[in-house]
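S.K.: structure for the following, please:
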Amino acid sequence: MIPKKGVMSMDKLDSECPAEKAFVSDPDHVECELPPLFRQELPQIVTDLVESCQDMDTFHHLNLVGFPSRGVVIEIIERLKKVIFPGYFGEHEVDSFSLTYQMGIEINTLFELLSRQITLSIRHECRRRQMVCTACSERGQKEALTLLQRLKGLRKILTDDVRAAYEGDPAAKSFDEIIFSYPSILAILIYRIAHELHDQDVPLIPRMMAEYAHSVTGIDINPGAMIGRHFFIDHGTGVVIGETSIIGDYVRIYQGVTLGALSLPMDEKGDLLRKMKRHPTIEDHVTIYAGATILGGETVIGAGSVIGGNVWLTRSVPPGTTVMIEAPKLKYKEEGATREV
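M.R.: The predicted structure is shown next:
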């Protein structure tokens, strides 16, 4: 029997088709023919998975309207970057003569993308709450237009954030470097867009945007947080800012800072009280250094305070206060001798 071209006969499988040869770069190599007995098991796997979707203890999204597309939401963010910082992002050079043309393309495209994705998010929420969806498309366009109308103001706020980064980081060489490369500026830009949509009561999309920023920058800012002007996150990795946090103007925080919640009380049904204020308030001109943790909805850090690195706070601090942990004892070993400092 002559084997088919490109297929090795099964009697030679063990001796002439080792697994490590499956990925050789030689274009003339032959591939092994898989034994059919393993493929016969696949229909049962499919049946088991389909049956598992009937289990009320597992999650699925069957018989419902579609979700907003994560890929399109990311595209919206990328296009909004080009509108907020013209000339910095995108494939084409932009000058004063082409600005109107390029801006027109982006705004029209953004309106179509936003309208569709917001409509999908509203329809999904209506179905989830078993409500009749009567004007989802109209509201989707209205909310898209509202966000686009707010972009002029967002440009000014984000310009102030870039200046805060330049003033707060002596390693910064230029505004261009900050806009192009600082993960904190990207995280703040996405937060400010997501926060506008959150204030407009658009479901799903604000959190999708925030978690995209979290995944690419390591900075987790809930879109429900309220953050003032001239805000700077230095380095940024590991920063967490919870949903009900309130941050004033001219605040600077460093990597690893957490503005979090204490354990939540339960209502009479045993559910968490999600809508209460759970995260701290940071007043104007506060600096919070790396690794500090500030917890609780009643915790207020007074204006002008400085919170040192690795401090753990669950109570309020008066204005103008510096909070630091005691210096730890260090042990030095020198030529067999140990001394504490």
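S.K.: pull the number of nearby residues for Ala194.
M.R.: Here the number of neighbours of Ala194 (other C-beta atoms under 10 Å) works out to 27. From N, CA and C alone the C-beta is placed, and that goes for glycine too.
S.K.: right, I mislabeled it, should have said Arg128
M.R.: Arg128, neighbours per other C-beta under 10 Å, totals 12.
S.K.: how much space between it and Ser121?
M.R.: Counting by C-beta to C-beta, to the nearest Å, the gap from Arg128 to Ser121 is 11 Å.
S.K.: what about the helices in the stretch 101-250 of the chain?
M.R.: 136-149, 151-168, 175-181, 183-199, 205-217 (DSSP state H, counting those that start in this stretch).
S.K.: can I get these in TSV with mean pLDDT and distance to Gln44?
M.R.: As requested, those are arranged in TSV below (pLDDT from 0 to 100; distance: least, C-beta to C-beta, whole Å):
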stretch	mean pLDDT	distance to Gln44
helix 136-149	95	41
helix 151-168	98	54
helix 175-181	96	52
helix 183-199	98	44
helix 205-217	97	36
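S.K.: need the winner for burial among those.
M.R.: Burial of these is given as mean neighbour count (mean count of other C-beta atoms under 10 Å); helix 183-199 ranks first at a mean of 22.
S.K.: okay, domains of this structure per the record?
M.R.: 7-52, 61-220, 225-264+274-325 (automatic domain parsing).
S.K.: what separation do you get for Tyr250 and Pro280?
M.R.: Tyr250 is 17 Å from Pro280, by C-beta to C-beta.
S.K.: sorry, wrong one. I was asking about Met208.
M.R.: Distance from Met208 to Pro280, by C-beta to C-beta: 26 Å.
S.K.: about what we covered before: what's the closest of the helices of the stretch 101-250 of the chain to Phe38?
M.R.: The closest of those to Phe38 is helix 205-217. By C-beta to C-beta, the value is 35.9 Å.
S.K.: and the contacts of that closest one?
M.R.: Applying C-beta atoms under 8 Å, 6 or more residues apart in numbering, the external contacts of helix 205-217 come out as 68, 70, 73-74, 77, 117-118, 121, 183-184, 186-187, 190-191, 193-195, 197-198, 219-224, 236.
S.K.: repeat that for stretch 273-285.
M.R.: Residues outside stretch 273-285 that contact it (C-beta under 8 Å, 6+ apart) are 225, 228, 241-251, 259-262, 264-267, 288, 294-305, 313, 319.
S.K.: and if we set it to 6 Å?
M.R.: Residues outside stretch 273-285 that contact it (C-beta atoms under 6 Å, 6 or more residues apart in numbering) are 242, 244-251, 259, 261, 264-265, 267, 294, 297, 299-304.
S.K.: list the buried residues of it.
M.R.: Buried residues in stretch 273-285, counted by 16 or more other C-beta atoms under 10 Å: Arg278, His279, Pro280, Thr281, Ile282, Glu283, Asp284, His285.
S.K.: show me what contacts Glu106?
M.R.: Residues near Glu106 by C-beta under 6 Å, 6+ apart: Arg79, Lys82, Val83.
S.K.: now do the same contact list for the first one.
M.R.: If you count contacts by C-beta under 6 Å, 6+ apart, Arg79 has them with Glu106, Leu110.
S.K.: heads up, I number from 58, so please use that
M.R.: From this message on, residue numbering opens at 58, which makes the last subject Arg136.
S.K.: which of the helices or strands spans it?
M.R.: Taking DSSP states H and E as the definition, one finds Arg136 inside helix 127-141.
S.K.: using PDB, write down the CA coordinates of that helix.
M.R.: Extracted as PDB, the C-alpha positions of helix 127-141 are listed here (Å, rounded to 0.1, in the frame of the first residue of the first chain):
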ATOM      1  CA  ARG A 127     -14.800  45.000  23.600                       C
ATOM      2  CA  GLY A 128     -12.800  45.500  20.400                       C
ATOM      3  CA  VAL A 129     -15.000  48.400  19.300                       C
ATOM      4  CA  VAL A 130     -14.800  50.000  22.800                       C
ATOM      5  CA  ILE A 131     -11.000  49.900  22.500                       C
ATOM      6  CA  GLU A 132     -11.200  51.400  19.000                       C
ATOM      7  CA  ILE A 133     -13.400  54.200  20.500                       C
ATOM      8  CA  ILE A 134     -10.700  54.900  23.100                       C
ATOM      9  CA  GLU A 135      -8.000  55.000  20.400                       C
ATOM     10  CA  ARG A 136     -10.000  57.500  18.300                       C
ATOM     11  CA  LEU A 137     -10.800  59.600  21.300                       C
ATOM     12  CA  LYS A 138      -7.100  59.900  22.000                       C
ATOM     13  CA  LYS A 139      -6.600  61.300  18.500                       C
ATOM     14  CA  VAL A 140      -9.300  63.900  19.200                       C
ATOM     15  CA  ILE A 141      -8.100  64.900  22.600                       C
END
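S.K.: so for it, what gets flagged as buried?
M.R.: Buried-residue list, helix 127-141, by 16+ other C-beta under 10 Å: Val129, Val130, Ile133, Ile134, Arg136, Leu137, Lys138, Lys139, Val140, Ile141.
S.K.: I'd like those residues laid out as CSV, including distance to Val189 and pLDDT.
M.R.: Formatted as CSV, those follow (distance: C-beta to C-beta, whole Å; pLDDT from 0 to 100):
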residue, distance to Val189, pLDDT
Val129, 26, 97
Val130, 26, 98
Ile133, 28, 98
Ile134, 32, 98
Arg136, 33, 97
Leu137, 32, 98
Lys138, 37, 97
Lys139, 38, 95
Val140, 35, 96
Ile141, 37, 97
